[in-house]
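S.K.: Any chance you can model this:
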Amino acid sequence: MQQLKIMWMEGRRTNVKIVELLQVPDDSDKLLVISIYGMEGLGKTNLAQLVFHDSDVSNQFNLRLWVDVNNEFNIYSLVLKIVQNMMTNEKPSLDLENLHICLRRNIQGLSYVLVLDNVLAFDSEVWGTLLDLLSVGKCNSKIIVTTCSEELANQMEHVKCTVQPYKLPLLHFKDALDLFEQEAFQPGQTDKDQELINFGKKIVKNCDYVPHTIKFVGSKLRDKPKHEWKDKASSSKDSYLQTPSKLIEHQLPSSLKRCFAYCAIFPPDHVFYKNQLINIWIAQSFIRQPSDDKDLSLEDIGKQNFMKLQNWSFIIKLKPDEQGNDLFKMQTFSLNQARSMAESETMVIKDSITDIPNGIYHLLFDARSTLKLVDLIAKLRSFLMVHGSTKDFTKIIYHQLFSRLKYLRVLDLHALEMDVVPKYIGSLKNLRYLNLSKNYFMSLPNSITKLTKLQVSILSIL
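M.R.: Residues are numbered from 1 along each chain as shown. Reported below is the predicted structural model:
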């Protein structure tokens, strides 16, 4: 009998088959694929993270790998993301054959735990190819899959898999109430009003015991007067029993909603640092000084906003980088909602495009695509570039690009193999945030002094 480990997650004790991965003997010939499925907001990603960061897991496996899959269930995307996860200090070749070689070389004879988070699509041929590539690792390695689909979870099984898909259940009433009180009352508060507790009992029932909904509603009621608790408890289910994405749209404060919607500019697998995002919010004037508290800095307000989004699991914390700095990413459901809220202002370009819709102010461009400048780029407030390299950018391209971005406030060109910072950067008169870190240049042009509104410049490895 394999020993099971009790884990605390989202207000419940979860006795999960996942922990079998902690006990399978090293001489086992089974590559376990463990699928976790359940409705949106139950905490599938949080549970996978709990296992991923468990100290026993860290000690048992040579490699821990995390991949955000989403709809990109094709062999190129999966292998590229896995290899990128392993090679943090260098960029892998983008050729599929070389990626296969690189993957095999880096896991050969090693034990690993691989999390494939938020799988939204499935292809049996792709799955078989991926398992073949991963088979060169030690045979006691593990794959954890999270998905909303029971059908997809069952399809993930293969001939060597012995673990049945695990359905993440709803909370029991007592656990749901404990979670609600944890969010709705101050930490350590012992003198809880019994009337408020009774309201809470009605609320968690109306939340259908969904953890994410309970956390969100509970945190919104903290320090609120009793009549608001009463109103919430007596209101119909439809008034707040919604998917987490609907809760975001209807109940986030307007100031925080702008910060949240901006995150739509990030790709699904994009990781970021807390201070980076906060400084971007400040540069875009999304954070303003409250009239009733002049002593509170913009950075402090930004940290409060970030913490709220993290507490509500809209932003999740990942394992630290090699320098020990915390990394974060958007939850998939919250990223999708951010995009629906900001679709008229934000755009992500992965392929060649000749037209940017009118009204786009924030643009993320994949450097592996073809850059074709258009007149509407002049309205941009944010220009972020990811992946690839700027080595093929000529002086003419830089001149055309920077001369048009008259209103740009945020420019992020980090990790693009840039060996020279173009002098035309000095034409960005309204620039407030500049990230040129993880590049190769040794000096800055004199024109950098023309950026008189610059608030934050990141020039070295974080």
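S.K.: Please count neighbours and contacts with C-alpha atoms only from this point.
M.R.: OK.
S.K.: Let me see the residues that make contact with stretch 54-74.
M.R.: 22, 51-52, 78, 81-82, 85-86, 110-123, 126, 141, 268-269, 332 (C-alpha atoms under 8 Å, 6 or more residues apart in numbering).
S.K.: Could you list which of those belong to helices?
M.R.: In this view, these that belong to helices under DSSP state H are 51-52, 78, 81-82, 85-86, 126, 332.
S.K.: quick one on the thing from earlier: among the contacts of stretch 54-74, name the buried ones.
M.R.: Neighbour counting over those (16 or more other C-alpha atoms under 10 Å) leaves 22, 51-52, 78, 81-82, 86, 110-119, 122, 141, 268, 332 as the buried ones.
S.K.: on that earlier part again, now the two most distant members of the ones in helices among the contacts of stretch 54-74.
M.R.: The most widely separated members of the ones in helices among the contacts of stretch 54-74, counting by C-alpha to C-alpha, are 51 and 126 (25.7 Å).
S.K.: pLDDT added to the ones in helices among the contacts of stretch 54-74, as JSON lines?
M.R.: Listed next are the ones in helices among the contacts of stretch 54-74 as JSON lines, based on pLDDT from 0 to 100:
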{"residue": "51", "pLDDT": "83"}
{"residue": "52", "pLDDT": "85"}
{"residue": "78", "pLDDT": "93"}
{"residue": "81", "pLDDT": "89"}
{"residue": "82", "pLDDT": "92"}
{"residue": "85", "pLDDT": "83"}
{"residue": "86", "pLDDT": "83"}
{"residue": "126", "pLDDT": "92"}
{"residue": "332", "pLDDT": "74"}
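S.K.: SS state for residue 131?
M.R.: Secondary structure for residue 131, judged by DSSP: H, G, I helix; E, B strand; the rest coil, is helix.
S.K.: Look at it and say how many residues are nearby.
M.R.: 14 (other C-alpha atoms under 10 Å).
S.K.: Could you check how far it is from residue 99?
M.R.: Residue 131 is 15 Å from residue 99, where distance means C-alpha to C-alpha, to the nearest Å.
S.K.: nearest to residue 459, of the ones in helices among the contacts of stretch 54-74?
M.R.: Once C-alpha to C-alpha is applied, the member of these that ends up nearest residue 459 is residue 85, at 23.3 Å.
S.K.: ok, what's across the strand from the residue lying closest to that closest one once chain neighbours are set aside?
M.R.: Setting aside the residues directly before and after it, residue 85 is nearest to residue 65 in space (C-alpha to C-alpha, 6 or more residues apart in numbering), at 6.3 Å. Counting by DSSP bridges, residue 65 is bridged to residue 114.
S.K.: Can you give me the neighbour number for residue 65?
M.R.: 17.
S.K.: Ok, the one 3 residues further on next?
M.R.: One way to gauge burial is a neighbour count; for residue 68, by other C-alpha under 10 Å, it gives 21.
S.K.: Which helix or strand in the protein has the lowest average pLDDT?
M.R.: Across the helices and strands of the chain, mean pLDDT, DSSP states H and E gives its lowest value to strand 6-9, namely a mean of 45.
S.K.: so where's the stretch 101-250 of the chain shaky on pLDDT?
M.R.: Along the stretch 101-250 of the chain, segments meeting pLDDT under 70 span 157-163, 237-250.
S.K.: show me where it has strands.
M.R.: 112-119, 142-147, 166-167 (DSSP state E, counting those that start in this stretch).
S.K.: what about the shortest one, distance to the chain center?
M.R.: When C-alpha coordinates are averaged (C-alpha atoms, centre = their mean, to the nearest Å), strand 166-167 and its chain have centres 23 Å apart.
S.K.: Summarise which helices and strands it is packed against.
M.R.: strand 32-37 (3 or more C-alpha pairs under 8 Å, 6 or more residues apart in numbering; DSSP states H and E).
S.K.: Surely residue 67 forms part of a helix?
M.R.: No - looking at residue 67 with three-state DSSP, it is strand, so not inside a helix.
S.K.: so how far is residue 146 from it?
M.R.: 11 Å.
S.K.: Could you do residue 102 as well?
M.R.: Distance of residue 102 to residue 146, given as C-alpha to C-alpha: 26 Å.
S.K.: Which one of the two is surrounded by more residues?
M.R.: residue 146 (27 against 19).
S.K.: Next up, the contacts around the more buried one.
M.R.: 35-37, 44-45, 48, 115-119, 153.
S.K.: just residue 205 next, same as before
M.R.: Counting by C-alpha under 8 Å, 6+ apart, the residues that residue 205 touches are residue 173.
S.K.: count of neighbours near residue 174?
M.R.: Using other C-alpha under 10 Å, residue 174 has 14 other residues around it.
S.K.: Please tell me how far it sits from residue 362.
M.R.: 45 Å.
S.K.: can you check residue 175 too?
M.R.: With C-alpha to C-alpha as the criterion, residue 175 and residue 362 are 42 Å apart.
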